[in-house]
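Student: no sequence on this one, just coordinates:
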């Protein structure tokens, strides 16, 4: 009996350590992307990088992806990751979307999902590929992108993105992570609020509350995980949309599952 318990405990310890190492590798990968792609067109060879306004910039040289259309449209070098919380795991990706990747005349409703046909648009595919790169979750594991508009006085109460029922788990399994992309600027209020993150106070819809919040900035995105390092639902990932005080807040959300959703 004691020997069996030791074996089980050893296996659980091994699995937990493996998941922690995997998460650290994932975050190291994101940091390495920022270090490696300091400008739109990185160069060959060993070059000296110089810091400019918080971004790594490479001097001119041979553009090694001039003929790579997929790499050019992804333009990883514009993105600047900022880890703002380890529990729950939250990363702000500054400049995640370029300006030409934001504008769309497809629909103007307050809330809608892109259709399967719209998902085939080159720009949508490029954005989904970029999400996959930074989340390290396959494109096919993602749900359809949802676009939302919050007008003055609108908000979204704190909630979890993971499922608590079995019905929604049938197609793709549990939600692993969420990518929330901001599509509009000049919004007062409308922060994305994480009440269980951080140890201080933050602004949420003009009020000071306990937790951590991210102000909507056009082109930025938030990547956060709904599952903890143990593979279980993380209650600390609870989040909400603060009240919009003025302007309109437009956002696009992408949820990623454990398996393919198709």
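Tutor: Done, it's in. Remember, it's a predicted structure, so these values are computed and weren't measured experimentally. Numbering: from 1, shown residues only.

Student: count of neighbours near residue 239?
Tutor: Applying the criterion other C-beta atoms under 10 Å, we find 27 residues in the vicinity of residue 239. (Glycine included, C-beta is placed from N, CA and C.)

Student: please read the previous query as pertaining to residue 208.
Tutor: Residue crowding around residue 208 was assessed by other C-beta under 10 Å; the count is 9.

Student: neighbouring strands of the helix or strand hosting it in the sheet, and parallel or not?
Tutor: Per DSSP states H and E, residue 208 falls inside strand 207-210. Strand 207-210 has the following sheet partners, assigned by DSSP bridges: strand 201-204 (antiparallel).

Student: list the buried residues of the partner strand.
Tutor: Within strand 201-204, the residues that count as buried by 16 or more other C-beta atoms under 10 Å are 202, 204.

Student: list the contacts of that strand.
Tutor: Contacts made with strand 201-204 from outside it, assessed by C-beta atoms under 8 Å, 6 or more residues apart in numbering, are listed as 189, 191, 193, 208, 209, 210, 211, 212, 213, 242, 243.

Student: buried subset of these as a PyMOL selection?
Tutor: Buried residues within these, as defined by 16+ other C-beta under 10 Å, are selected in PyMOL through the command that follows:
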select buried, resi 189+191+193+211+212+213+242+243
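
Student: returning to that earlier point: give the rounded mean pLDDT of the strand holding residue 208.
Tutor: Predicted confidence along strand 207-210 averages 97 (mean pLDDT).

Student: same list, the contacts of strand 201-204, but as JSON lines with distance to residue 111 please.
Tutor: What follows is the contacts of strand 201-204, written out as JSON lines (distance: C-beta to C-beta, whole Å):
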{"residue": "189", "distance to residue 111": "19"}
{"residue": "191", "distance to residue 111": "19"}
{"residue": "193", "distance to residue 111": "19"}
{"residue": "208", "distance to residue 111": "29"}
{"residue": "209", "distance to residue 111": "25"}
{"residue": "210", "distance to residue 111": "29"}
{"residue": "211", "distance to residue 111": "25"}
{"residue": "212", "distance to residue 111": "25"}
{"residue": "213", "distance to residue 111": "22"}
{"residue": "242", "distance to residue 111": "17"}
{"residue": "243", "distance to residue 111": "17"}
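
Student: done for today, thanks.
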